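> Sequence first, then the predicted structure, then my questions.
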Amino acid sequence: MAATEAERGTAASAWEEEEEEARRRGKGKKKRYGLVEYRALPGYLRDNEYILRHYRCEWPLPQVLLSAFTIHNETLNVWTHLIGFFIFLALTIYTATKVPNVDLQSLQHLPDVLRKADVHKIQAELVSCLPSLPHLSDLQKLKDELKSSWNSIEVLSSLSRWHLLEQSMKEDIANLIAPQLVRPIARWPFFAFLGGAMFCLLASSTCHLLSCHSRRLAYIMLRLDYAGIAALIATSFYPPVYYSFMCYPFFCNLYLSFITILGVATIAFSLLPVFQNPEFRTIRACLFFGMGASGVIPVLHKLVLFWHQPEALHTTGYEVLMGLFYGLGALVYATRVPERWMPGKFDIAGHSHQLFHVLVVAGAYTHYHAGLVYLKWRDLHGC
């Protein structure tokens with residue numbers, strides 16, 4: 001009997017140990033936020049077979065949000081574009097508060113031009129619309145004095161006064177006209193580009209952070225990511241097209257309409273579920289690359305129209321550099337370089353998507369500087 005009781009005690013103890021072990025395993029399963037390998041991922045999370053480890057898989061939303069501050073293979077994907085978003089937010093604020101203020105010193109040549117002009121013609125044109133112009137009444141009185149004066153000394157004195165008043169009048173005219181010549185032109189195309197850049201960068205960062213939560217959220221985030229890319233490309237056309245062809249409304253409206261329609265079509269196509277599959281990676285890259293390459297036509301047209309303007313060459317240089325950044329980014333994204341050469345070696349840092357993100361930010365920042373040149377050009381010279 002004692003033996004039997006001992007055996008029962010041993011069996012109960014063993015059973016309790018097994019229950020405790022099962023509970024520990026169960027708790028581990030409930031957490032569901034350990035990093036896993038590529039082969040353990042569900043199909044909708046499999047995108048790059050050359051990145052082998054450090055994946056998040058169907059984590060709870062609080063853990064997903066906190067993972068922005070932990071190390072995994074999406075950490076740099078999140079932060080490269082999130083930092084880019086804050087950079088462009090700061091640039092937008094700076095542009096809104098500083099850039100519209102045109103430097104009047106750039107119009108120092110205007111008084112010289114007016115000094116060479118015929119003051120009589122200027123006076124005749126302005127007398128009806130600017131009756132309160134300084135020195136205008138004095139100039140008219142002096143003219144009447146000259147007509148009635150026969151004394152040579154008085155004539156010389158009057159001529160001297162005439163010359164001084166004439167110069168003063170031209171200075172007054174310059175001061176009145178200059179502010180009218182530097183009214184800032186429309187800013188909306190430039191701010192449309194900045195808005196498109198911020199939307200793209202924030203959408204991309206959010207997509208990389210949240211897509212591991214669930215199949216449904218991954219689907220929504222990827223659609224948002226593709227829409228952001230299309231928005232960035234489309235709005236990047238607005239400043240060069242608008243400011244290059246603002247004096248040619250037909251071409252301005254033609255190019256703006258074309259790129260807007262193409263951008264909307266690309267976004268619509270990206271909403272198709274089949275577009276998300278990994279086998280369409282190259283098609284996605286080619287579609288966005290082709291959308292960007294269509295900008296070659298308005299750039300060439302701009303060079304033909306303004307070949308004598310240094311601003312046209314300056315902005316084109318920026319645009320070529322931007323195209324190189326975007327094109328190289330699309331190439332890296334499509335070919336999965338460098339991780340395809342050494343699978344598993346670039347899981348945390350250095351893989352193609354991170355390089356793609358950095359090149360996108362560099363391209364957008366280059367385009368921002370081109371936009372500043374356009375604004376200064378049109379603010380000072382108009383059409």
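Perfect, I can see it now. Numbers count the residues shown, from 1 in each chain.

> what ranges do the helices span in the protein?
Ranges of helices in the chain, per DSSP state H, are 2-31, 61-66, 75-97, 109-115, 119-126, 136-148, 152-181, 188-210, 215-244, 249-270, 281-293, 296-305, 310-335, 352-381.

> buried sites along the shortest one?
Pointing back at helix 61-66 there. Val64 (16 or more other CB atoms under 10 Å). For every residue, glycine as well, the C-beta is placed using N, CA and C.

> what does the third one give?
Within helix 75-97, the residues scored as buried using 16+ other CB under 10 Å are 75-82, 84-85, 87-88, 91-92, 95.

> Summarise which helices and strands that helix is packed against.
Judged by 3 or more CB pairs under 8 Å, 6 or more residues apart in numbering; DSSP states H and E, helix 75-97 is in contact with helix 188-210, helix 352-381.

> Quick one: closest of the ones you listed to Tyr44.
Nearest to Tyr44 among the helices and strands packed on helix 75-97 is helix 188-210 (13.2 Å), distances taken as CB to CB.

> tilt between that closest one and helix 352-381?
170 degrees (axes from the mean of the first three to the mean of the last three CA atoms, to 10 degrees).

> counting contacts, what elements does helix 188-210 pack onto?
helix 61-66, helix 75-97, helix 215-244, helix 352-381.

> that older thread, nearest to Tyr226, of the buried residues of helix 75-97?
Of these, the one sitting nearest to Tyr226 (CB to CB) turns out to be His81, at 14.1 Å.

> about what we covered before: by pLDDT, give me the weakest of the buried residues of helix 75-97.
For the buried residues of helix 75-97, the weakest pLDDT value sits at Thr95, with 94.

> Regarding stretch 271-287, how distant is the last residue from the first?
In terms of CA to CA, to the nearest Å, the two terminal residues of stretch 271-287 are separated by 14 Å.

> Same list, the helices and strands packed on helix 188-210, but as TSV with distance to Val36 please.
As requested, the helices and strands packed on helix 188-210 are exported to TSV (distance: least, CB to CB, whole Å):
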stretch	distance to Val36
helix 61-66	14
helix 75-97	16
helix 215-244	15
helix 352-381	19
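
> which one of the ones you listed lies closest to Leu52?
Taking the helices and strands packed on helix 188-210 one by one with CB to CB, helix 352-381 is closest: 14.2 Å.

> do you know which of the helices and strands packed on helix 188-210 lies nearest Ile267?
helix 215-244 (4.7 Å).

> helices or strands next to the closest one in the packing?
Applying 3+ CB pairs under 8 Å, 6+ apart, one finds that helix 215-244 contacts helix 188-210, helix 249-270, helix 281-293, helix 296-305, helix 310-335, helix 352-381.

> buried stuff in the shortest one?
Going by neighbour count (16+ other CB under 10 Å), the buried part of helix 296-305 is 298-299, 301-302.

> for the helices and strands packed on helix 75-97, which one ends up most surrounded?
Most buried of these by mean neighbour count (mean count of other CB atoms under 10 Å) is helix 188-210; its value is a mean of 22.

> Send me that one as PDB with only the CA atoms.
Output in PDB follows, covering the C-alpha atoms of helix 188-210 (Å, rounded to 0.1, in the frame of the first residue of the first chain):
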ATOM      1  CA  TRP A 188       0.700  75.900 -54.800                       C
ATOM      2  CA  PRO A 189       2.800  73.700 -57.300                       C
ATOM      3  CA  PHE A 190       5.800  73.800 -54.900                       C
ATOM      4  CA  PHE A 191       3.700  73.000 -51.900                       C
ATOM      5  CA  ALA A 192       1.900  70.200 -53.800                       C
ATOM      6  CA  PHE A 193       5.300  68.600 -54.300                       C
ATOM      7  CA  LEU A 194       6.200  69.000 -50.600                       C
ATOM      8  CA  GLY A 195       2.800  67.500 -49.600                       C
ATOM      9  CA  GLY A 196       3.300  64.600 -52.000                       C
ATOM     10  CA  ALA A 197       6.800  64.000 -50.600                       C
ATOM     11  CA  MET A 198       5.600  64.000 -47.000                       C
ATOM     12  CA  PHE A 199       2.600  61.800 -47.700                       C
ATOM     13  CA  CYS A 200       4.900  59.200 -49.500                       C
ATOM     14  CA  LEU A 201       7.500  59.200 -46.700                       C
ATOM     15  CA  LEU A 202       5.000  58.900 -43.900                       C
ATOM     16  CA  ALA A 203       2.900  56.200 -45.700                       C
ATOM     17  CA  SER A 204       6.000  54.200 -46.400                       C
ATOM     18  CA  SER A 205       7.200  54.400 -42.800                       C
ATOM     19  CA  THR A 206       3.800  53.500 -41.400                       C
ATOM     20  CA  CYS A 207       3.500  50.500 -43.900                       C
ATOM     21  CA  HIS A 208       6.800  49.000 -42.800                       C
ATOM     22  CA  LEU A 209       5.900  49.400 -39.100                       C
ATOM     23  CA  LEU A 210       2.300  48.000 -39.100                       C
END
